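In: sequence and predicted model, in that order:
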Amino acid sequence: MTDSAVPSVRLNDGNSIPQLGLGVYKVDDDGAEQACLSALEVGYRHLDTASYYGNEAGVGRALKASGLARDDVYVTTKVWNDQQGFESTLASFDQSMEKLGLDVVDLYLIHWPAPKQDLYVETYRALEKIREEGRARSIGVSNFQTHHLERLLGETDVVPVINQIEVQPWLQQRELREFGDARHIVTEAWSPLARGRILDDALLLQLAAKHGKSTAQIVIRWHLQTGLVVIPKSVTPSRIAENFDVFGFELDADDLAAIAGLDSGERVGSHPDHVG
């Protein structure tokens with residue numbers, strides 16, 4: 001399996017993002033380095049980190065050790081809640097870039113709207129400046145709800161390319177995704193496997209048996225076929241490879257309809273209105 005198997009999604013600024021990537025939440029620096037190296041060897045070309053994760057340096061070391069050209073790997077990082085605000089976001093971005101060992105990041109996101117701070121509009125203006133200076137190729141948001149996006153779109157100049165949110169079969173967020181689609185904001189899914197909790201779901205186990213695949217592969221394939229960018233996390237080389245091996249089969253219409261019926265609104269992460 002090579003990176004040529006991974007489709008790219010066109011963003012509203014003309015750039016493209018590989019539809020499947022590796023997330024490294026709750027992984028230390030050394031663990032992130034090893035996970036990213038494993039992923040890059042398998043064929044992943046999209047790595048997602050954040051200042052909050054504390055592993056940007058490990059991701060950067062993996063990029064360097066891989067021997068791949070910089071432009072061959074798509075890298076995302078994010079500004080954390082306690083660094084929101086115009087000047088502090090600029091400073092946080094500089095720190096992230098130093099740890100990553102990069103001059104340019106492909107995508108820079110606001111990690112959470114942190115509504116109690118009421119700084120996400122000011123923070124996004126810092127992202128606009130970073131993009132204008134060419135230090136981030138694309139900018140976007142993470143965990144924004146419709147009301148956060150509506151305000152952002154009304155008070156800033158650059159439409160976010162992506163809203164990275166929790167999406168998994170139990171939490172499909174159709175209305176939020178439709179809002180983004182109508183404004184050419186791509187939805188990217190974090191915790192696509194519901195932190196492993198969904199892997200024993202009876203319906204998904206049936207579909208896994210039907211296709212001769214793992215439950216994780218069924219769920220990741222569902223994300224891909226519904227047009228989402230998806231970043232499953234693993235530190236286990238065999239699972240990293242398994243999560244990438246999702247391009248040799250397709251779910252049929254009945255499969256997709258059955259998975260649509262699993263939507264219960266159950267989150268494994270926090271609600272964005274309650275963070276920060």
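Out: Good, I have the coordinates. Numbering: from 1, shown residues only.

In: quick one, helices of this structure?
Out: With DSSP state H as the criterion, the chain has helices at 29-42, 56-66, 86-100, 120-132, 146-155, 174-182, 202-211, 215-225, 237-244, 253-260.

In: return the most buried member of those helices.
Out: Highest mean neighbour count among the helices of the chain (mean count of other C-beta atoms under 10 Å): helix 215-225, with a mean of 23. Every residue, glycine included, has its C-beta placed from N, CA and C.

In: quick revisit: let me have the helices of the chain in a markdown table, extended by distance to I139.
Out: Listed next are those as a markdown table, based on distance: least, C-beta to C-beta, whole Å:
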| stretch | distance to I139 |
| --- | --- |
| helix 29-42 | 23 |
| helix 56-66 | 17 |
| helix 86-100 | 10 |
| helix 120-132 | 4 |
| helix 146-155 | 11 |
| helix 174-182 | 15 |
| helix 202-211 | 34 |
| helix 215-225 | 23 |
| helix 237-244 | 27 |
| helix 253-260 | 31 |
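
In: surely I240 and L40 touch.
Out: No: using C-beta atoms under 8 Å, I240 is not in contact with L40, being 9.9 Å away.

In: picking up where we left off before, out of the helices of the chain, the one nearest Q168 is which?
Out: Closest approach to Q168 among these (C-beta to C-beta): helix 215-225, 6.9 Å.

In: bridging residues for the spatially closest residue to R177 that is not a sequence neighbour?
Out: Leaving aside its chain neighbours, R177 sits nearest to T187 (4.7 Å; criterion: C-beta to C-beta, 6 or more residues apart in numbering). With DSSP bridges as the criterion, T187 is bridged to N163.

In: so what's T187 up against?
Out: Counting by C-beta atoms under 8 Å, 6 or more residues apart in numbering, T187 touches 162-165, 167, 173, 176-177, 180-181, 227-229.

In: I'd like these as JSON lines, with pLDDT appended.
Out: JSON lines is the format used below for the contacts of T187 (pLDDT from 0 to 100):
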{"residue": "I162", "pLDDT": "98"}
{"residue": "N163", "pLDDT": "98"}
{"residue": "Q164", "pLDDT": "98"}
{"residue": "I165", "pLDDT": "98"}
{"residue": "V167", "pLDDT": "98"}
{"residue": "Q173", "pLDDT": "98"}
{"residue": "L176", "pLDDT": "98"}
{"residue": "R177", "pLDDT": "98"}
{"residue": "G180", "pLDDT": "98"}
{"residue": "D181", "pLDDT": "98"}
{"residue": "G227", "pLDDT": "97"}
{"residue": "L228", "pLDDT": "98"}
{"residue": "V229", "pLDDT": "98"}
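
In: now, among the residues you listed, which is nearest to V24?
Out: For the contacts of T187, the nearest to V24 is Q164 (13.7 Å; C-beta to C-beta).

In: contacting residues for that closest one?
Out: Counting by C-beta under 8 Å, 6+ apart, Q164 touches 48, 109, 140-143, 187-190, 231.
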